[in-house]
Each structure stands twice: as C-alpha cells, then as structure tokens.
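Asks: what's the 3D shape of this:
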Amino acid sequence: MKYLKEREGIVERGKQIGRKLGVPTANIPYVPGETKMSDGVYVADLVLLDQNGRVVQGVLNQGDHPTVPGGLPTIEIHLFDFDEELYGQRVRVRYLHYIRPELKFNTKEEMRLEMIKDISVAKAWFAAHQKSD
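Replies: Modelled structure (predicted):
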C-alpha cells in the first residue's frame, strides 16, 4: 500500500477530550510544516514499533485543534476497536488518504458528530482498499 507520508513519534498524554467524547485518540506532537502534509483529517494506520510492528487502522486529525484550543499542535489518531495504553510508546503514523481540512466547530458535540462521520469514511476506505494490497 502506498503512503502519502510516514512520521514517527512517541505517544503523549493529551487533553483527554476525545476520551471524554467516546472517541479516544493517541497523541503525537509535531512541529507545523514538519510532516509536509496539510492540517486536516486523514485515513491512517499506526505501526506500534514497541509491539513488534503491529499495525492498527484509524483516522487522524493533524493540526491546532481549533475547537478546543490550547497546547501545541498534535497528530491525534483514533484507532478502531482498540483499548490499550500507548503512552510513551514509539509509533509510526502512516497517512493513507486525505478526508477533509481541519474545522472549528461551535460545540464539542458538533465536533464529536463529525468525528463519527470521519470514522465511517475511514472504515469504508479501508474496506474498499483491503483487496488492493
């Protein structure tokens, strides 16, 4: 499978907003422009380097998180069907497909509903591309 970009990092504790909304994310800091990818939402997977390269599918947002400002820009990836502790682990994010630009929502609930849509789009993308590997 061809990747738009790959980036390695260490999973850090975020603001726990995704977890509170029922859409937990693994957070990897980055310097804007470092990934050479536009901020926004992407279909992605995560290679767990400290777990023998196990790969987990997900959807990520890269950017300044304008709906809940504060803190440094991050790469936040929601992993499908995944409920494990990743803080401090080395990971490689692989960007697979651009979904949409990063948006500012009026409420956290609006953001949560859009995240649910993004998850559906990403799952459909993976389903459509599984056979083409």
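Asks: what's the longest strand along the chain packed up against?
Replies: Longest strand in the chain by number of residues (criterion: DSSP state E): strand 90-101. Packing partners of strand 90-101 (3 or more CB pairs under 8 Å, 6 or more residues apart in numbering; DSSP states H and E): strand 5-10, strand 26-29, strand 40-48, strand 54-63, helix 108-129. All C-beta spots, glycine's among them, are computed from the backbone N, C-alpha and C.
Asks: rerun that using 6 Å as the cut-off
Replies: strand 5-10, strand 40-48, helix 108-129 (3 or more CB pairs under 6 Å, 6 or more residues apart in numbering; DSSP states H and E).
Asks: Please identify the buried residues of it?
Replies: Neighbour counts over strand 90-101 (16 or more other CB atoms under 10 Å) mark Val91, Arg92, Val93, Arg94, Tyr95, Leu96, His97, Ile99 as buried.
Asks: try stretch 5-18
Replies: Taking 16+ other CB under 10 Å as the criterion, stretch 5-18 shows Arg7, Gly9, Val11, Gly14, Ile17, Gly18 as buried.
Asks: Relative to the whole chain's centre, how far out is the lowest-mean-pLDDT helix or strand in the chain?
Replies: Using mean pLDDT, DSSP states H and E, the weakest-scoring helix or strand in the chain turns out to be helix 17-20, at a mean of 82. With CA atoms, centre = their mean, to the nearest Å as the basis, helix 17-20 stands 13 Å off its chain's centre.
Asks: Make JSON lines out of the buried residues of strand 90-101 and add pLDDT and distance to Lys2.
Replies: JSON lines is the format used below for the buried residues of strand 90-101 (pLDDT from 0 to 100; distance: CB to CB, whole Å):
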{"residue": "Val91", "pLDDT": "97", "distance to Lys2": "20"}
{"residue": "Arg92", "pLDDT": "95", "distance to Lys2": "15"}
{"residue": "Val93", "pLDDT": "95", "distance to Lys2": "15"}
{"residue": "Arg94", "pLDDT": "95", "distance to Lys2": "10"}
{"residue": "Tyr95", "pLDDT": "95", "distance to Lys2": "10"}
{"residue": "Leu96", "pLDDT": "96", "distance to Lys2": "8"}
{"residue": "His97", "pLDDT": "96", "distance to Lys2": "10"}
{"residue": "Ile99", "pLDDT": "97", "distance to Lys2": "17"}
